[in-house]
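K.L.:
Any chance you can model this:
(chains A and B)
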Amino acid sequence: MADSSYRTIGYPLSALDRLWRYRLSALTVKVVLSYPSYIMSQKYYVTTPIYYINDKPHIGSTYTTVAADVLARSHRLRGDKTFFLTGTDENSQKSMEAAEKSGKDINVYLEEMAIIWENTWKELGITFDDFIRTSEERHHKAVNRFWKAVEASGDIYKDTYERHYCVGCEDFKTDSELNEDDRCPLHPNKDLELVQEENYFFKASAYKDDILQLFHKQQDFVQPVKRLNEIRSYVKDGFADFSISREAKKVSCGIPVPGDDSQRIYVWFDALINYMSAVGYGTDDELFKKWWPANLHLVGKDIIKFHCALWPAMIMSAAKNDPLLQNEDGTPKLPEQIFAHGFFTIEGQKMSKSIGNVIDPLELAVEYPFDVIRYFFFREIGFGNDGDFNRARIAERYQSDLANTLGNLLNRAINMSRKYFDNRVPTCDTSVKTWDVGSLLSRKEGGRATWDVEMVDTLWQQVEEYYDSARIDLALEAIWNGENASLILANRLVEETQPFKLIKEDPEKTALVLYTLLEFLRNVAWMIEPVMPNISADIIKQLGQDPKSEISQNNFANLKKWGGLEPGSDLPEPKILFPRLGE
RNA sequence: CGCGGGGUAGAGCAGUUGGCAGCUCGCCAGGCCCAUAACCUGGAGGUCGUAGGUUCAAGUCCUACCCCCGCAACCA
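P.N.:
The predicted model follows:
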């Protein structure tokens, strides 16, 4: 990097060979902004969708919820005021049908199921801060307030119509949206309902340009980019008004339309508002001001239409007549970002109850420590992409990444330290930031021959950036395999310095090497804490520290500062972190 | 013209604005002996779905085409 002798200034561009251009591009310095952590401290509000409770949680909803948990934990770790919301959608026809099937009273059924969901998340160690149920009073109040605001903006109108309604899409279909057999192309085997009634509509179409403008101005409003493209073309091609109510006599659930008991608010208009009702909209203005707008709505790729287009349109409308929804400059307080993750198949097959491959997360947590599953979710599958939930791959990841790379490194580092330094963390000068390794640490040409604490700082910066952009997968990759300090590199460090030989010649240098390994592992433990909280705590305990006391300091800058592991402190006897499988 | 995803090493995947085709696992050969038969190094293995086009330069941009996956219900 420092060697710029091959930069032949003034050379005509056309004469540049491939190598030259390649090297020049390698010179591009990544500028990473870093702030003192006391400035970084801010609020973070993240949500999952509210789940239909026509059955217990499965691996799919678990994936979404765990992702939100990882992001919430990553912000808490850094001292951000964090609010993580999940919950249940109880005003839907699907819940009603499931209740009927079970033969239970609807309220009894909803109560039981909501408890199952909440308890499942608790048992899996999900750190949600609130659990919203759309049957709750606070939600009804929020919906009422929201409806009235939208109504005052003139965006709710009544219409009598006769139209094709697709139960699968929960949406109306215009003639142009039907396939050649006059059926819904998404649900061709499902009869369209010819619906004839008088309902309320939300004038979404009035916000078409504003939504497109939003996509244009805030390019990261929808992530990943491919979803933004998808939703943009949907809005461009026609962003029709949404039906937002049903005749009360035809549905057995739902919140009554304010001022019109003959109609019930229908599905999405009601459900989306949960993100506001949970933080006090309609019940606690101060609380609402504290948390809204949400920083991130985490959703599955199937519901981006509602979250990325309908929801902002609804807020734009309501904001016109509700100061609580306005920024200081009068613009609507929209959520900052919507991230759509992909779906996964189970062993190559679509997840399906009839195939019988639906996985209960609690049963899975018996097969593997749940931290391992969490790791697999984000290491194996690029976040935002589709993937496959595959047992063989879990075992592979476990053996290779967890046992061999991480677990073994911890074990060998602790064992050597104990053996050579009287069961203690080696004593060395922790202010030494850089030292000769003796050979090349990086296998790449031009790789470094020194250990440099700066590499750990750089890794921290990368990891934080990746967590910030919800790229949990990239954070893990950087920790395990990155160009800077990484677990791979730490293992290589052992080979290059050979502390097991070095101890006979140069105990001081050996102390430096082993301290570096242990202290790096302490840092890694905190980097992976959002994804593997239990493993993280285990590592810190094995290093002779109390994870709780460290985190209770709630001082992120302190926690990641090099030298946190005290030289000379006791090192307990190590335990195998990830026992080999099948033994 | 229904919508979306995808075709890159044996398997699974990355490849930002075109600039030496990469990662993990597996395989082969060495090294090491602190450690969980773990760790490190080297190697083999590619017509980047096909055919055209733009360009000094295409996995990447353009055009056409082929193939695979998902789209009854359950369902993130």
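
K.L.:
which outside residues touch whichever strand or helix holds A:His216?
P.N.:
Assigned by DSSP states H and E, A:His216 falls within helix A:208-217. With CB atoms under 8 Å, 6 or more residues apart in numbering as the test, helix A:208-217 has contacts from A:221-222, A:228, A:231-232, A:235-236, A:239, A:309, A:312-313, A:316, A:334. Every C-beta, even on glycine, is put in place using the N, C-alpha and C of the backbone.

K.L.:
quick one: it near RNA strand B?
P.N.:
No: Helix A:208-217 is not in contact with RNA strand B by CB under 7 Å from any atom of the strand; minimum separation 14.9 Å.

K.L.:
Centre of the chain to that helix, how far?
P.N.:
Averaging C-alpha positions (CA atoms, centre = their mean, to the nearest Å) puts helix A:208-217 25 Å from its chain's average.

K.L.:
any low-confidence regions in chain A?
P.N.:
For chain A, the stretches with pLDDT under 70 are A:1-41, A:168-172, A:174-182, A:185-190, A:439-448, A:553-554, A:583.

K.L.:
Can you give me every residue that contacts A:Val279?
P.N.:
A:45, A:83, A:85, A:287-288, A:290-292.

K.L.:
In a helix, A:Cys253, correct?
P.N.:
No: using DSSP: H, G, I helix; E, B strand; the rest coil, the assignment for A:Cys253 is coil, not a helix.

K.L.:
Get me the contact residues on the stretch 201-350 of chain A for RNA strand B.
P.N.:
A:226, A:229-230, A:233, A:299-303, A:341-344, A:350.

K.L.:
among those, who's most crowded?
P.N.:
Most neighbours among these, by other CB atoms under 10 Å: A:His341, with 25 neighbours.

K.L.:
For beta bridges, what are the partners of that one?
P.N.:
Counting by DSSP bridges, A:His341 forms beta bridges with A:Gly300.

K.L.:
these two touch, right, it and A:Thr65?
P.N.:
No: the pair A:His341 and A:Thr65 fails to qualify as a contact (CB atoms under 8 Å) at a distance of 11.1 Å.

K.L.:
what about A:Leu362, how many neighbours?
P.N.:
A:Leu362: 15 neighbours (other CB under 10 Å).

K.L.:
who's in contact with it?
P.N.:
Counted by CB under 8 Å, 6+ apart, A:Leu362 has contacts A:120, A:123-124.

K.L.:
Can I have the buried ones of the contacts of A:Val279 as a PyMOL selection?
P.N.:
Per 16 or more other CB atoms under 10 Å, the buried members of those correspond to this PyMOL selection:
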select buried, chain A and resi 45+83+85+288+291+292
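
K.L.:
Could you list which of the contacts of A:Val279 belong to strands?
P.N.:
A:45, A:83, A:85 (DSSP state E).

K.L.:
Excluding chain neighbours, what is closest to A:Ile255?
P.N.:
In this structure, A:Ile255 finds its nearest non-sequential neighbour in A:Ile265, 4.7 Å apart by CB to CB, 6 or more residues apart in numbering.

K.L.:
re the thing from before, now the ones in strands among the contacts of A:Val279 in CSV, with distance to RNA strand B?
P.N.:
Output for these, formatted as CSV (distance: CB to the nearest atom of the strand, whole Å):
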residue, distance to RNA strand B
A:Tyr45, 19
A:Phe83, 20
A:Leu85, 15
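
K.L.:
and after the helix holding A:His216, which helix or strand comes next?
P.N.:
By DSSP H and E, the next helix or strand past helix A:208-217 is strand A:222-223.

K.L.:
That following strand pairs with which strands?
P.N.:
Partners of strand A:222-223 in its sheet, by DSSP bridges: strand A:338-341 (parallel).

K.L.:
what sits up against whichever helix or strand comes after the strand it pairs with?
P.N.:
Following strand A:338-341 in sequence order, the next helix or strand is strand A:344-346 (DSSP H and E). Here strand A:344-346 makes contact (CB under 8 Å, 6+ apart) with A:59-60, A:63, A:351, A:357-359, A:381, A:386-389.

K.L.:
One more pass at 7 Å, please.
P.N.:
Strand A:344-346 has contacts (CB atoms under 7 Å, 6 or more residues apart in numbering) with A:351, A:357, A:359, A:381, A:386-389.

K.L.:
tell me which of the residues you listed is nearest to A:Arg418?
P.N.:
Nearest to A:Arg418 among those, counting by CB to CB, is A:Ile381 at 37.9 Å.

K.L.:
Could you give the number of residues near the closest one?
P.N.:
21.

K.L.:
do the same with A:Pro507
P.N.:
Count around A:Pro507 with other CB under 10 Å applied: 14.

K.L.:
and A:Val150, what is it in contact with?
P.N.:
Contacts of A:Val150 by CB under 7 Å, 6+ apart are A:156, A:202, A:314, A:317-318.

K.L.:
Please give the element, helix or strand, for it.
P.N.:
Counting by DSSP H and E, A:Val150 is part of helix A:137-152.

K.L.:
Show me how far that helix is from its chain's centre.
P.N.:
29 Å.

K.L.:
Give me the helices and strands touching the longest helix along chain A, please.
P.N.:
In chain A, with assignment by DSSP state H, the single longest helix is helix A:507-527. Packing partners of helix A:507-527 (3 or more CB pairs under 7 Å, 6 or more residues apart in numbering; DSSP states H and E): helix A:408-420, helix A:453-468, helix A:487-497, helix A:499-505, helix A:533-542.

K.L.:
Mind doing that once more with 6 Å?
P.N.:
Here helix A:507-527 touches helix A:408-420, helix A:487-497, helix A:499-505, helix A:533-542, going by 3 or more CB pairs under 6 Å, 6 or more residues apart in numbering; DSSP states H and E.

K.L.:
ok, the residue nearest to A:Ile255 - contacts?
P.N.:
A:Ile265 makes contact with A:245, A:254-255, A:257 under the criterion CB atoms under 6 Å, 6 or more residues apart in numbering.

K.L.:
which of those residues has the most neighbours?
P.N.:
Per-residue neighbour counts (other CB under 10 Å) across these peak at A:Ser245, which has 28 neighbours.

K.L.:
what's the closest residue to A:Leu192 other than its chain neighbours sitting at in phi/psi?
P.N.:
Leaving aside its chain neighbours, A:Leu192 sits nearest to A:His164 (4.3 Å; criterion: CB to CB, 6+ apart). For A:His164, the backbone dihedrals (degrees, to the nearest 10) come out as phi -80, psi 130.

K.L.:
Equivalent analysis for A:Pro579, please.
P.N.:
phi -60, psi 150.

K.L.:
Nearest spatial neighbour of it, chain-adjacent residues omitted?
P.N.:
Nearest one to A:Pro579, counting by CB to CB, 6+ apart, is A:Ala403 at 7.5 Å.

K.L.:
Geometrically speaking, which residue is the centre of chain A?
P.N.:
Centroid check for chain A by CA atoms, centre = their mean gives A:Ala67 as the closest residue, at 3.6 Å.

K.L.:
Could you count how many residues lie near A:Glu465?
P.N.:
15.

K.L.:
how near is it to A:Val225?
P.N.:
17 Å (CB to CB, to the nearest Å).

K.L.:
A:Arg183 in helix, strand or coil?
P.N.:
A:Arg183 ends up coil, using three-state DSSP.

K.L.:
Could you measure from it over to A:Lys236?
P.N.:
25 Å.

K.L.:
which of those two has more neighbours?
P.N.:
Neighbours were counted for A:Arg183 and for A:Lys236 using other CB under 10 Å; A:Arg183 has more, 17 against 12.

K.L.:
Not counting its neighbours along the chain, what's nearest that one?
P.N.:
For A:Arg183, the closest residue by CB to CB, 6+ apart turns out to be A:Leu192, at 6.4 Å.

K.L.:
need the residues of the stretch 401-550 of chain A near RNA strand B, please.
P.N.:
Checking the stretch 401-550 of chain A against RNA strand B by CB under 7 Å from any atom of the strand, the hits are A:401, A:403-408, A:410-412, A:415-416, A:419, A:443, A:445, A:481, A:488, A:491-492, A:494-495, A:498, A:500-501.
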